[in-house]
Every structure is written in C-alpha cells, then in structure tokens.
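Visitor: What shape does this take:
(chains A and B)
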Amino acid sequence: MIKTGSESVHFRIPVNDERQVSAQPGTGWMMRWQTWLLVLVAGFIFSASSMAWSAEVHRMELTHHDFEPWDFVPKPGDRIDIHNHSDIVHAVYVTYPDGTIVNLTETAAQLPNTTVSWTVPADAEDGDEYVFRCWIHTVIRADMKVQVPASQ
Amino acid sequence: MRYCGLFLVLGLVAAMGISRAADLPPRESYQRPADIPSPPSNPLTIEKVTLGKTLFFDPRLSRDGAMSCATCHSPNMRWSDGRVLPLKADGVPNARRTPTVLNSAWLNALMWDGRAASLEAQAVLPITTAHEMNFEMPLLLDRLKEVAGYQPLFTQAFGDAEITPKRVTQALASFQRTLVSKTAPFDRWVAGDENAISENAKRGFALFEGKANCVSCHKSWRFTEDAFHDIGLESLDPGRGAKVPSQLVLMQHAFKTPSLRDLPKNGPFMHDGSMHSLEEVIKHYEQGGVQRESLSQEMKPFELSDVERAYLIDFIHTLDGGPLDMEFPNLPE
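Guide: Numbers count the residues shown, from 1 in each chain, chains lettered A, B, ... in the order given. Down below sits the predicted model:
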C-alpha cells in the first residue's frame, strides 16, 4: 500500500535509495559477497598475525587490604575484572612496564561491591609485568606477568 | 538432686564468663610478628645495623654539622621530636609534624604523603631536604671518606671500605628496621594474660572495634593499615594529593594513618601537630571533620559519652610499651 502525503514520502526516501542500490540485483549481490569475503580474509589474516587465541575474562577479588590469591595467567587481550568485596573504598591503578600509570576509575574511587575492569594491552609482550596497586592502601599489590601463548 | 542447684549456679557463672569474653572482639589479628622483615636486596645484618646506628646519630650528615637523624627522631621523644612542627620548619609551607620511626620496618609507604616506597628510598630525603639536613649526597660521601673511623665500619658491613649513597641508605634503613615498639600491656593481653589491661581498657577496646570504629583504619598489631585518608582537618596541605594524579579526589588532603603505639602523652597529634590530647582527637572523629569531596568515606560521625571516651583513652594507653631507650654510639673520628 502506497501512502500519500509529505510524511510518507519523506519516510520512504531511504527505501528508494536502497532500491537504487539494488537496481541491478546481480551486480549488487556480487559486490557485497566479494566485499564480505575480503573482510573475512583480512580479518582472518589480522587475527592470525596478532592474537591466535581467544581473549578471556578473569576475575580478581579485592579484600580490605589485599587481592585474594588468583590462579590465572593473563594473555594479551584478556580482560581482568576486579571486584571490591570489602566494605571500604579502593582506588586501583595499573603501572605498565614503561612506567605508564592507568587508573581503573575516573575518580579513582571504587566503592564497595563494585567491579572495575582492565584489559591487557594487545601489544603486551611475553613476560611483561603489570603492577596493580591501590592509591589509598599501598599495601595492596599484585604483580601480573603476561604470557603470550606459544602458538603465536 | 541436691547438687542440681550448685550445677545450675556454676553453669550460670560459666555462661556469664563466656558471654563476657564473647563481647570482646577477637585478639588474633593483633598478634605481634616474630621477625623483623627486610628486603632481599638489603638483608638485615648486625654489621649494617651498627654502621646505620652510627650514621643515624652523626650530625656530620647535615651540611652545618649540627643536625643528625636523631635530632628529630630522638629516643627520648619516642623517636620523634615532640614538636608541633620540626626544627627549621618556620616559614616552610605545609610543614608537617615529625613522625616516629618506630616500627618502620613494616612500612611500604613512608613520609606523611607516602612519597618514599622503602626505608632505603626514604633515608636520603631528610639528608637532602633544604629545611632539614640540607646536604648533598656527593658532598656527604666526601665528608664521610675523610673520617677514618668509618672505613672499618663500612668494611664490616659491606666487605670493603667504599662509601656509596646506596650503602649509606642501606645502613640507615637497616638500623631503623631494628627500632620496634617494646611489648605493651595490650600485647600481654593478646598473648593471654587477662589481667594485663584493666576492665575499662577492655571496654575501650570494644568501643575501638565497635561504635567508634577506629579499627577501620587503625588495624593490625601496629594499629595502622598504612593507608591514606583525608580525615577532615582544617589544614590546606594537599598531602598525598600532590603526589598522585589530580583526578584522585579522595587523596586530596589525605595523609598516612599513623600508628597508635607508643604515643607521646600530650601529643602533638595529627600530621600538622594541631591536637594535643587524645580526647581532642576522639572528639574530632566524633564530629566527622570538615565535610568536603575528598573526606574519607571511613569518616562517619558517632557519639561517645564522657565515660566511653575515657574507656577508649584507657585502651589506647595500653598500647604504650614505654620508651625504647638506646645507648648513643661513639662517633668515629
């Protein structure tokens, strides 16, 4: 059913555009197929050259004055969730191997029962050490050594 | 049957005793450690401690030869100086009270703002700070090399007589690690001596862990969690806020929680030496301090009666093991 009136016409403009794109169905379909193939191949090559593994999510628990023991070894691209299960505020930051400091919250205040996240840089190298500390409670410290899987 | 009444009474008495014991918080978390920790890079040795002690008391470590570490960290003043503000602090903006060096072996952040991460790193700061010893390390080394009596001390400590900044700070740090609070009545109570502290002090301990919640920051056997808080003092000193990224609001006006062991009787207390009695300090916490964005979230106002405040003070006095006296070393020539 074709609607009349300016509102309907205005509404249909994108539809007409789409039709224009698909005015030659065979060619359009081929172009899109080739494009997607190209994207897939490029993506495959890129992923093979950067990370030949899937990123994981790990969890660390923050108590009053310590990280609870953890048993994972982070890889580049892995996400680490840090949950504050104490009843006090923490302010965790990460020191990179080159000395760069990254705060895990904008105001550096992690309220009780909240979670903050940090992702291991994709370009982290095997053996790079990232140090987690709390600005408020300097006794809190976790030294996290990154391991690049051998399959790379 | 005739013993039933007796058993009933004994049972009630026992239950009351258990109930009273159960009213008090557990003591295990306050047990003193058995050993003094030291980093692998600077293990504790008697020889380094001996050298460090000599350096600590030697005024030649200052430019004018008039001030040693012990001038401001005096054994007679609980290893502080008893002053509101340190010597030579006149006109220094945001000058801070001299903290004690007792129990510093366990610290992982030193100075009121935590700018030194180890005793070794801290040791150089007073030597080179303009309003303290006001010296430069190269000049200090030259001066020490001229003192023949230091050569055997360095040799015994490090294997040869070479004098380097690292060796000076390692020796100073080693000596300071040996400055540990003496056993206090509270320690004896923690160890099981029920009569080591008074009943009022025990009530104070219950308040410390309960209504007053001092324990939220004054934890462990040293009665500090070595953390940084803005406790709402009027002082404009940014404290740790000047040392960390500016967006860390909670670190503005924040200072390291001091230990409650071996406190001087009349203070001064707080980083700015602004309070002179424990009663004044406790009332400050009761009121909750200056309300501002950086105020520690542990600062929650509460109310104590005069009697309760006195209990709390009685308890804090049980953390005093008495002065850690020390014989002054003979300075080498």
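
Visitor: how many other residues sit next to the residue nearest to B:Ile313 when sequence neighbours are not counted?
Guide: With sequence-adjacent residues excluded and distances taken as Cβ to Cβ, 6 or more residues apart in numbering or on different chains, B:Ile313 is closest to B:Leu278, at 4.9 Å. Every C-beta, even on glycine, is put in place using the N, C-alpha and C of the backbone. B:Leu278 has 21 neighbouring residues, counting by other Cβ atoms under 10 Å in any protein chain shown.

Visitor: May I have the phi/psi pair for B:Leu278?
Guide: With angles defined as degrees, to the nearest 10, B:Leu278 sits at phi -70, psi -30.

Visitor: Near chain A, which residues of the stretch 101-250 of chain B are found?
Guide: Residues of the stretch 101-250 of chain B found near chain A (Cβ under 8 Å from any Cβ of the partner chain) are B:108-109, B:114, B:117, B:216, B:219, B:225-229, B:240, B:244-245, B:247-250.

Visitor: what's the neighbour count on whichever residue of the stretch 51-200 of chain B sits closest to chain A?
Guide: When scored by Cβ to the nearest Cβ, the stretch 51-200 of chain B has B:Ala109 as its residue closest to chain A, at 4.0 Å. B:Ala109 has 22 neighbours, counted by other Cβ under 10 Å.

Visitor: Return the residues in contact with the residue nearest to B:Lys145 when sequence neighbours are not counted.
Guide: With sequence-adjacent residues excluded and distances taken as Cβ to Cβ, 6+ apart, B:Lys145 is closest to B:Ile163, at 5.5 Å. Taking Cβ atoms under 8 Å, 6 or more residues apart in numbering or on different chains, we find B:Ile163 in contact with B:141, B:144-145, B:150, B:154.

Visitor: try 10 Å
Guide: Contacts for B:Ile163 (Cβ atoms under 10 Å, 6 or more residues apart in numbering or on different chains) come out as B:140-145, B:147, B:150-151, B:153-154.

Visitor: show me what contacts the residue nearest to B:Ile313?
Guide: Counted by Cβ under 10 Å, 6+ apart, B:Leu278 has contacts B:260, B:263, B:265-267, B:269, B:309-310, B:312-314, B:316-317.

Visitor: Can you give me the distance of it to B:Cys214?
Guide: 11 Å (Cβ to Cβ, to the nearest Å).

Visitor: While we're on the closest residue to B:Ser74 other than its chain neighbours, how confident is the model there?
Guide: Spatial nearest neighbour of B:Ser74, excluding adjacent residues (Cβ to Cβ, 6+ apart): B:Asp81 at 6.1 Å. Looking at B:Asp81, its pLDDT stands at 94.

Visitor: In contact with B:Asp81, which residues?
Guide: Here B:Asp81 is in contact with B:70-74, B:87, B:97-100, B:264, B:268 (Cβ under 10 Å, 6+ apart).

Visitor: Just say helix, strand or coil for the residue nearest to B:Lys145.
Guide: When classified by DSSP: H, G, I helix; E, B strand; the rest coil, B:Ile163 comes out as coil.

Visitor: Spit out the residues that contact B:Leu278 and B:Cys214 alike.
Guide: B:260, B:312, B:316.

Visitor: what phi and what psi does the backbone show at the nearest residue to the second one once chain neighbours are set aside?
Guide: Leaving aside its sequence neighbours, B:Leu312 sits nearest to B:Gly204 (Cβ to Cβ, 6+ apart; 4.4 Å). Backbone dihedrals for B:Gly204, given as degrees, to the nearest 10, come out at phi -60, psi -40.

Visitor: what ranges do the helices span in chain A?
Guide: Assigned by DSSP state H, the helices in chain A fall at A:6-21, A:25-50.
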